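Colleague: Sharing a model prediction with you, sequence too.
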Amino acid sequence: MLNNIEILYILYLYTPKFFNLTLRDKINVIFHELYHISPEFNGDIRRMSNVKSAHGHSKKSFEEQYIQYASKYFNKINETPFNSFLQMNLEDIKKQFKVVKYRRMKMMKPQLISA
């Protein structure tokens, strides 16, 4: 809970690793993490199988589920203001915005939701 709002998902982006990726890789990482969200949007993850449920039998197979959406977004991003921001690496961001704030967090343990 944050300000009396239930937080169902948190997307972690590691600094500086994420910001120093290429534009295409940044978009792929974001889409990869978003694809983990359950279609029911109930706080659970998307279950790919009974065993290794987060990615299913392989990460490659998991990637094939969302990669066309990431590619379509990558092609469209050139027409948006997000393009220049996502192309920046961490040093570019620091130069542009002077201050970069981030929070060092412990890895959260997911809570099991009972049906």
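Modeller: Nice, I can see it.

Colleague: Against Leu86, how distant is Thr22?
Modeller: Distance, Thr22 to Leu86, by CB to CB, to the nearest Å: 10 Å. To be clear about C-beta, it is placed using only N, CA and C from the backbone, and glycine gets the same treatment.

Colleague: So between those two, which is more surrounded?
Modeller: Of the pair Thr22 and Leu86, Leu86 is the one with more neighbours under other CB atoms under 10 Å, namely 18 against 11.

Colleague: wait, what's in contact with that one?
Modeller: Applying CB atoms under 8 Å, 6 or more residues apart in numbering, we find Leu86 in contact with 23, 26-27, 77.

Colleague: Help me confirm that it is found in a strand?
Modeller: No: secondary structure assignment (DSSP: H, G, I helix; E, B strand; the rest coil) places Leu86 in helix, not in a strand.

Colleague: Would you mind measuring from it to Phe19?
Modeller: 9 Å.

Colleague: and for these two, which residues touch both?
Modeller: Common neighbours of Leu86 and Phe19 (CB under 8 Å, 6+ apart) are Lys26.
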